[in-house]
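K.L.:
sequence first, predicted model second:
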Amino acid sequence: MNMTVPSFFLFTVYACVNVWLPLFLRNMGYSVTDIGLLLSIFEIFGVTLPFFTGNIPVKNGRYGLFLCISGAILALVPFALFSVHIFAVTALCLGIYAASVRGAVPVSDSYISLQLGGNREVYGRIRAVGSLGFVVANLIMQRFIHIETIDSAQTIAWMSVPALLFMLSLLVSPGVMKPAHGAYGNANASENREPKIQKEKEGKRTAFLLSAFSPYYWLVLAVIFFTLLGQVPVNNFFSLYVREYLHSDSAALLWVISASSEIPFMFFSNRFIRRYGSVPLILVCAAVASLRNILYILFPTVAGAAAAQTLNSFTFGLFHPAAVMFAAEHANKKEHGVLAQVLYSVGVAGLAKVLGNALGGITVDKFGYQVLFASYAVFPLVGLLLFRLLYKKCRSVR
């Protein structure tokens with residue numbers, strides 16, 4: 001699999017975003033409310049722009065080139081981001097950065113699915129390499145970054161170097177830069193879809209989406225949305241929680257525990273998916289996501305946080321492969337595969353983070369971290385209730 005090494009380095013970039021970006025923004029003098037707003041802007045750009053750019057590699061088959069350009073942008077933007085401490089400039093730079101990093105994941109997932117063909121169940125093994133990259137990057141950064149004394153030049157370097165390595169890995173991986181051909185990537189498929197795209201441009205985007213996916217798909221996507229919304233405190237405010245509430249500098253180490261716990265589950269996720277199905281796993285992971293938030297409240301210590309971090313084995317290690325497989329399985333036509341991945345990993349995930357970050361920053365400043373985790377524990381339960389109420393109706397028209 002020629003995307004194995006690029007997957008490793010793509011998620012070293014995510015280590016910078018998930019773990020260190022909130023702390024870097026805090027060092028720039030922004031309040032938690034400001035950071036929540038900036039992260040919401042980050043996700044708005046990460047949601048909207050990939051919908052327009054994600055189809056480009058589908059039409060021309062140049063997945064590798066698209067990802068390489070994304071890597072170059074990710075390597076360059078930090079120079080402006082951390083050199084100018086003006087809110088508007090920070091927001092703009094984060095928007096450009098978000099469009100590149102959020103757009104790279106669904107394109108990468110679609111390219112991997114295209115390469116795997118009928119053997120897509122082993123996706124989790126490829127994605128486990130990405131988790132390993134996340135772990136390695138955090139271990140290195142935990143060892144060498146001192147958040148109290150880090151300057152702008154060092155911050156830029158830590159954000160840019162992983163992106164540069166991702167770009168270089170694409171260039172040296174055999175075949176990645178060549179046009180891909182198959183269900184998602186050949187020219188004929190994009191030509192056949194051109195009338196459909198024209199209809200979208202004529203104002204029929206909603207009808208197109210509804211015809212491309214079943215009501216059952218949208219119902220499960222709603223469950224995924226509420227589950228991801230419930231995970232915003234863990235994914236976006238956890239580093240601040242560790243530093244400001246637990247008064248510890250071990251955020252990166254706790255993230256390593258989180259990512260390490262997901263690797264074996266990610267690696268063997270295909271076995272769970274084959275045995276239980278993607279939807280039952282999504283439902284179980286939603287319940288675990290709610291429980292995980294509660295644990296941060298009941299045990300507000302580094303040891304308690306470490307224990308809660310191990311539940312990432314479910315809330316990402318199983319949840320993400322199950323969601324990716326669900327998206328791939330429930331598109332009515334093969335050429336809707338990329339759209340299904342974008343709807344999940346960019347649309348639903350991005351919207352959850354936009355709302356969750358904006359509300360989360362205000363919640364922390366007004367009420368504290370305990371209220372943040374307690375309130376967000378409710379959202380996955382809302383998704384489960386929605387599924388319970390609408391399952392039979394949606395299944396009848398599945």
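P.N.:
Received, thanks.
K.L.:
tell me the first helix or strand C-terminal of whatever helix or strand residue 104 lives in.
P.N.:
Take DSSP states H and E as the rule and residue 104 turns out to sit in helix 87-116. Past helix 87-116, heading to the C-terminal end, the next element that is a helix or strand (DSSP H and E) is helix 123-144.
K.L.:
run through the neighbouring helices and strands of that following helix.
P.N.:
helix 4-15, helix 87-116, helix 251-267, helix 269-276, helix 319-329 (3 or more C-beta pairs under 8 Å, 6 or more residues apart in numbering; DSSP states H and E). Bear in mind the C-beta positions are built from the backbone N, C-alpha and C, glycine included.
K.L.:
now that helix: average pLDDT?
P.N.:
Mean pLDDT, taken over the full extent of helix 123-144, equals 84.
K.L.:
for stretch 68-77, same thing?
P.N.:
Predicted confidence along stretch 68-77 averages 95 (mean pLDDT).
K.L.:
so residue 6 makes contact with residue 173?
P.N.:
Yes: contact criterion C-beta atoms under 8 Å: residue 6 and residue 173 qualify, at 5.9 Å.
K.L.:
more neighbours, the two?
P.N.:
residue 6 (30 against 16; other C-beta atoms under 10 Å).
K.L.:
residue 153: how many residues sit nearby?
P.N.:
Neighbouring residues of residue 153 were enumerated by other C-beta under 10 Å; the total is 11.
K.L.:
who touches residue 43 in this structure?
P.N.:
98, 102, 350, 351, 353, 354, 357 (C-beta atoms under 8 Å, 6 or more residues apart in numbering).
K.L.:
swap the cut-off to 10 Å and go again
P.N.:
With C-beta atoms under 10 Å, 6 or more residues apart in numbering as the criterion, the residues that contact residue 43 are 94-95, 98, 102, 232, 236, 346, 349-358.
K.L.:
returning to what we had before: which neighbours do residue 6 and residue 173 share?
P.N.:
Common contacts of residue 6 and residue 173 (C-beta under 10 Å, 6+ apart): residue 64.
K.L.:
nearest spatial neighbour of the spatially most central residue of the chain, chain-adjacent residues omitted?
P.N.:
With distances taken as C-alpha atoms, centre = their mean, the chain has residue 345 as the residue nearest its mean C-alpha position (5.9 Å). The shortest distance from residue 345 to any residue that is not its chain neighbour, by C-beta to C-beta, 6 or more residues apart in numbering, is 4.7 Å, and that residue is residue 106.
K.L.:
isn't that neighbour up against residue 324?
P.N.:
Yes: judged on C-beta atoms under 10 Å, residue 106 makes contact with residue 324 at a distance of 9.4 Å.
K.L.:
and stretch 303-323, how far apart are its ends?
P.N.:
30 Å (C-alpha to C-alpha, to the nearest Å).
K.L.:
give me the buried positions along that stretch.
P.N.:
By neighbour count, and taking 16 or more other C-beta atoms under 10 Å as the criterion, the buried residues in stretch 303-323 are 305, 308-309, 311-323.
K.L.:
tell me the gap between it and the middle of its chain.
P.N.:
Using C-alpha atoms, centre = their mean, to the nearest Å, we find the averaged C-alpha position of stretch 303-323 to lie 14 Å away from the chain's own average C-alpha position.
K.L.:
ok, stretch 23-35 next?
P.N.:
In terms of C-alpha atoms, centre = their mean, the centre of stretch 23-35 is set 21 Å apart from its chain centre.
K.L.:
what is whatever helix or strand residue 67 lives in packed up against?
P.N.:
For residue 67, the enclosing helix or strand under DSSP H and E is helix 63-81. Contacts of helix 63-81 with other secondary structure elements, assessed using 3 or more C-beta pairs under 10 Å, 6 or more residues apart in numbering; DSSP states H and E, are made with helix 4-15, helix 21-27, helix 32-53, helix 56-60, helix 87-116, helix 152-172.
K.L.:
avg pLDDT for the shortest one?
P.N.:
This points to helix 56-60. 75.
K.L.:
try stretch 273-290
P.N.:
94.
K.L.:
closest one to residue 29 out of the buried residues of stretch 303-323, please.
P.N.:
Ranking the buried residues of stretch 303-323 by separation from residue 29, with C-beta to C-beta as the measure, puts residue 305 on top at 26.2 Å.
K.L.:
now do the contacts for the closest one.
P.N.:
Residues in contact with residue 305 (C-beta under 10 Å, 6+ apart) are 234, 238, 241-242, 245-246, 248, 250-251, 254, 257-258, 295-296, 299.
K.L.:
now it: how far from residue 243?
P.N.:
12 Å (C-beta to C-beta, to the nearest Å).
K.L.:
then residue 317?
P.N.:
Using C-beta to C-beta, residue 317 is found at 25 Å from residue 243.
K.L.:
which residues sit in contact with the nearest residue to residue 77 once chain neighbours are set aside?
P.N.:
Closest residue to residue 77 apart from its sequence neighbours, by C-beta to C-beta, 6+ apart: residue 97 at 4.6 Å. Shown here is residue 97, whose contacts under the criterion C-beta under 10 Å, 6+ apart are 13, 16-17, 21, 42, 45-46, 73-74, 76-78, 80-81, 159, 163.
K.L.:
report the buried members of those.
P.N.:
Of the members of the contacts of residue 97, the ones counted as buried by neighbours, 16+ other C-beta under 10 Å, are 13, 16-17, 21, 42, 45-46, 73-74, 76-78, 81, 159, 163.
K.L.:
so where's the stretch 101-250 of the chain uncertain?
P.N.:
117-124, 181-212 (pLDDT under 70).
K.L.:
could you rerun that using 50?
P.N.:
Low-confidence segments of the stretch 101-250 of the chain, defined by pLDDT under 50, are located at 183-203.
K.L.:
before we move on, the earlier item: quick check: the residue nearest to residue 345 vs residue 287, distance?
P.N.:
Taking C-beta to C-beta as the criterion, residue 106 is separated from residue 287 by 26 Å.
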